[in-house]
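Structure for the following, please:
(chains A and B)
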Amino acid sequence: MEAFHLLSRGGALFDKKRFKKDVQLFDKSKSQDKGKGVAKPATDGELPTELDFFKYAQGGSAKRKTDGDSQHKAKKARLDEDMDVDEDAENVGAPEEGEPSSSVPRQRVTAKGNNVPEALYTFAELGSKYNIPSRLLQNLEASGYKQPTGIQAHGVPILLEHRDLAAISPTGTGKTLSYLLPLFASLAAPNSGSNPEHGRGVRALVLAPTRELAHQIHNECLKLAQGRKWRIVLFSKATAATLADKNVRDKVDIIISTPLRMVAALQSGNLELSNVRHLVLDEADRMLDPEFLEQVREVVAACSHPRVQKAVFSATLPANAEKIAMDMLTDPIRVVVGLKDTPLPLIAQSLTYVHDDSSKLPTLLQYLAQPYNPPVLVFVSTQPRASSLAEELVLSGVQNVDCLHAGMSKKEREDAVSRMRKGESWVMVTTEVMARGMDFKGVREVINYDFPQSVQSYVHRIGRTGRAGREGKAVTYFTDEDAPFLKTIANVILQSGSTVPDWILKLPKPSKMKRREMGKVKRADAVNAARRIGRQDAIKKRDMIKGSQRRKERAMQPARRQRDEGKASDVGEDAE
DNA sequence: AAAAAAC
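Take a look at the predicted model:
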């Protein structure tokens, strides 16, 4: 039981020091055939933002040949055509000038609301029309931003005109800059504390669901803040404490925070939000989940400035979340880029049948034994499963395995992200904590080791690849137990231009009763698995791996068959 | 429908 608690807190099982020796051993023994099994890892350094980001808009040559799936490409092209037709037909966001000549997804954009400001397709236009400080435009250019993406072209003018906004745009299409650029432009200058227009205290607040994402947003802020003395605070216990000093507190410009951290600060009495004029909810649907909603409402209520501008952003916004969001906004404009709740066509998706949970590990090991594009992001459903899978991969000789979940210490989490950014992680095993917002430019492949629990989860997880116009690949394992949810995900895959085996689409829609039953089975399994993992017996675990490798033979047969079927059949026209 | 994440 104690072991289980340790595990839940995280890090206990995947102890770097403990396994360092093993890792080094494996490094040496495998160093000769390193180049043959694993492609050179792509790092952020190899793909700087400035080179890659706007390939998406410009129709450039960022395309990589990840596989020879020409059907996928053909399908994708058809989808793009459809989108263009839609765009013209609706005459929304159809650009006249300055539009990059593009053969890449020019996704349909719809903007609904009162007096929708005109979209602007160059940052220069934005500069002249809205009088954006030249320094900000310089920083933009220095950071490599050349051409606005769809959401930037439409969203930035809306926010610059101080309107409320609900923005829905696919993963990796530049949502962060869509709200940060107008934020800096609207704030105009750092708060000196003596400018009556600026008032006293923090003027802008960005909320995000995870520490890692808040950190990443903060980094983006710093790029735009170059050369001016902006006070931008990444909220933590430590930085919150510095705000006890009123002189510091009064001059803060922007705070980036997670909701609960903000609530804690409000309750401590060290922070007031009555001067906040810009409030952004990133990953809005996640922030409006029942667990976050009360906290978020509390923060929103504390932003009592009469002219506070509110904006919500996400790639997914289910109806119930959208209702809550729209009720929070004043005379909002709703912008949708592409198709809501749909992955980018750039991501080649497939489903792999693995029979049951014990067949997953051998399937993954086989996958990693063949050439692959590191880093690979592997999603699992719980923290203990993340820790133990990472450990088992290390024990099996996989190189540069990392693990990241919220049960790990702050430092462990920061180190894991840092290794990921440096390209040192080749296989990153993680939970939902990494599913949203995280932008690792090198990620080419995502594996859903555990089936995602919702369409939203699926869309965000696989959206860690295929960012900023690059192509990506996403594989989702499914077991017999996942059957009730298979069809829903299959339809999402189909809608975004990948193919799925015909038989999956013919599955009956499961009844609510059945789904509930399956949920219980899964939960019981998860508990059992956690208990099993709790027994930290390395020998036993090795036996388990051997055992599952023996089972692999059988397991891989159906898996291969599924894959082949998936390639052979194009059932796209039958989409619901 | 359920786990994860938030301090």
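
What is the neighbour count of the residue of the stretch 301-450 of chain A found nearest DNA strand B?
Ranked by Cβ to the nearest atom of the strand, the top residue of the stretch 301-450 of chain A for proximity to DNA strand B is residue A:382, at 2.5 Å. (Each C-beta comes from the backbone N, C-alpha and C, glycine too.) Residue A:382 sits with 20 neighbouring residues when counted by other Cβ atoms under 10 Å.

how near is it to residue A:475?
Taking Cβ to Cβ, to the nearest Å as the criterion, residue A:382 is separated from residue A:475 by 20 Å.

What residues of the helix or strand where residue A:156 lies count as buried?
The secondary structure element spanning residue A:156 is helix A:150-160 (assigned by DSSP states H and E). Burial within helix A:150-160, assessed by neighbour count using 16 or more other Cβ atoms under 10 Å, is assigned to A:150-160.

With stretch A:123-137 instead?
Those buried within stretch A:123-137 under the rule 16+ other Cβ under 10 Å are A:123, A:125-127, A:130, A:132, A:136-137.

With stretch A:210-219 instead?
A:210-218.

before we move on, back to that, let me have the buried residues of helix A:150-160 in CSV, adding pLDDT and distance to DNA strand B as columns.
Compiled in CSV, those are given as follows (pLDDT from 0 to 100; distance: Cβ to the nearest atom of the strand, whole Å):
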residue, pLDDT, distance to DNA strand B
A:150, 96, 27
A:151, 96, 24
A:152, 96, 27
A:153, 96, 31
A:154, 97, 28
A:155, 97, 25
A:156, 97, 28
A:157, 97, 32
A:158, 98, 28
A:159, 97, 25
A:160, 97, 30
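
Using TSV, please lay out those residues together with distance to residue A:364.
Supplementary listing: those in TSV, determined by distance: Cβ to Cβ, whole Å:
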residue	distance to residue A:364
A:150	36
A:151	35
A:152	37
A:153	40
A:154	40
A:155	39
A:156	42
A:157	46
A:158	44
A:159	43
A:160	47
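
Among those, which one lies nearest to residue A:143?
residue A:152 (13.0 Å; Cβ to Cβ).

per-residue pLDDT, the closest residue to the closest one other than its chain neighbours?
Counting by Cβ to Cβ, 6 or more residues apart in numbering, the nearest residue to residue A:152 once its immediate chain neighbours are dropped is residue A:178, at 4.9 Å. As summarised for this prediction, residue A:178 has a pLDDT of 97.

distance of residue A:178 from residue A:434?
22 Å.

neighbour count winner among these two?
Using other Cβ under 10 Å as the criterion, residue A:178 and residue A:434 rank with residue A:178 on top: 29 against 26.

so what's the more buried one up against?
In this structure, residue A:178 makes contact with A:149, A:151-152, A:155-156, A:159, A:167, A:169, A:313, judged by Cβ atoms under 8 Å, 6 or more residues apart in numbering.

Farthest pair within these?
Farthest-apart pair in the contacts of residue A:178 is A:149 and A:159; separation 14.6 Å (Cβ to Cβ).

In space, what's closest to residue A:299 - neighbours in sequence excluded?
Leaving aside its chain neighbours, residue A:299 sits nearest to residue A:262 (4.9 Å; criterion: Cβ to Cβ, 6+ apart).

on that earlier part again, and the helix holding residue A:156, what does it pack onto?
When contacts are defined as 3 or more Cβ pairs under 8 Å, 6 or more residues apart in numbering; DSSP states H and E, helix A:150-160 packs onto strand A:109-112, helix A:123-130, strand A:165-168, helix A:175-187, strand A:333-337.

need these in a markdown table with distance to residue A:206, can you?
What follows is these, written out as a markdown table (distance: least, Cβ to Cβ, whole Å):
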| stretch | distance to residue A:206 |
| --- | --- |
| strand A:109-112 | 22 |
| helix A:123-130 | 20 |
| strand A:165-168 | 14 |
| helix A:175-187 | 7 |
| strand A:333-337 | 18 |
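
Residue A:107 reaches residue A:150, doesn't it?
Yes - with contact defined as Cβ atoms under 8 Å, residue A:107 reaches residue A:150; the gap is 5.8 Å.

who touches both of these two?
With contacts defined as Cβ under 8 Å, 6+ apart, the residues shared by residue A:107 and residue A:150 are A:337-338.

And the nearest residue to residue A:390 once chain neighbours are set aside, how far from residue A:391?
Distances taken as Cβ to Cβ, 6+ apart put residue A:403 closest to residue A:390, at 3.7 Å, once the chain neighbours are dropped. Relative to residue A:391, residue A:403 is positioned 8 Å away (Cβ to Cβ).

Looking at these two, which is more packed in?
Taking neighbours as other Cβ under 10 Å, residue A:403 and residue A:391 compare with residue A:403 leading, 30 against 24.
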